[in-house]
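[1] this one's structure only:
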């Protein structure tokens with residue numbers, strides 16, 4: 001399974017050509033969206049029109065969540081990584097989903113996600 005991070009979704013919503021080209025050829029059946037990423041994206045909607053565009057983008061993909069036990073462990077990790085690497089709560093919870101499901105996160109956020117041991121991340125296209 002591959003998980004979309006917010007930065008990839010934002011590129012798609014903005015119609016960024018490299019993102020659109022990659023997405024057109026990506027196998028959709030292998031893609032999901034962490035629930036915490038969906039929260040981030042909804043929080044960024046400015047109006048009803050942007051919310052509708054987001055709904056269209058996210059509709060085909062299952063939303064995945066970490067289990068309560070994993071989230072409890074993530075809480076313990078958060079204070080350490082937040083101080084040392086500046087990782088936010090939603091990013092760390094997204095990482096927890098990926099670790100629990102053995103998924104790769106499609107993202108350009110190497111700074112934060114790179115601090116999480118064992119996490120698989122991949123930049124699916126080149127940013128120009």
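    Thanks, I have it. All values derive from a computational prediction rather than experimental measurement.
[2] need the contact list for residue 104.
    1-3, 98, 120-122 (C-beta atoms under 8 Å, 6 or more residues apart in numbering). Where C-beta positions appear, they are placed from N, C-alpha and C, glycine not excepted.
[3] mind listing what the nearest residue in space to it that is not next to it in sequence touches?
    Sequence neighbours aside, residue 120 is the residue nearest to residue 104 in space, at 4.2 Å (criterion: C-beta to C-beta, 6 or more residues apart in numbering). By C-beta under 8 Å, 6+ apart, the residues touching residue 120 are 98, 103-105.
[4] and residue 40, what pLDDT?
    Residue 40 carries a pLDDT value of 96.
[5] That one and residue 53, how far apart?
    15 Å (C-beta to C-beta, to the nearest Å).
[6] Neighbour count: these two, which is higher?
    More neighbours surround residue 40 than the other of residue 40 and residue 53, with 19 against 14 (other C-beta atoms under 10 Å).
[7] Break down this structure into its helices, ranges please.
    For the chain, applying DSSP state H gives helices covering 6-13, 17-25, 35-43, 48-58, 68-85, 89-101, 110-113.
[8] now, of those, which is deepest in the fold?
    helix 89-101 (a mean of 23; mean count of other C-beta atoms under 10 Å).
[9] averaged over its residues, what pLDDT does that helix have?
    93.
[10] That one to helix 35-43, inter-axis angle?
    150 degrees (axes from the mean of the first three to the mean of the last three C-alpha atoms, to 10 degrees).
[11] how much distance is there from helix 89-101 to the middle of the chain?
    9 Å (C-alpha atoms, centre = their mean, to the nearest Å).
[12] which strands and helices sit next to that helix?
    Helix 89-101 sits against strand 2-4, strand 31-34, helix 35-43, helix 68-85, strand 104-106, helix 110-113, with contacts defined as 3 or more C-beta pairs under 8 Å, 6 or more residues apart in numbering; DSSP states H and E.
[13] mean pLDDT for the ones you listed: which is lowest?
    helix 68-85 - the lowest mean pLDDT of the helices and strands packed on helix 89-101, at a mean of 81.
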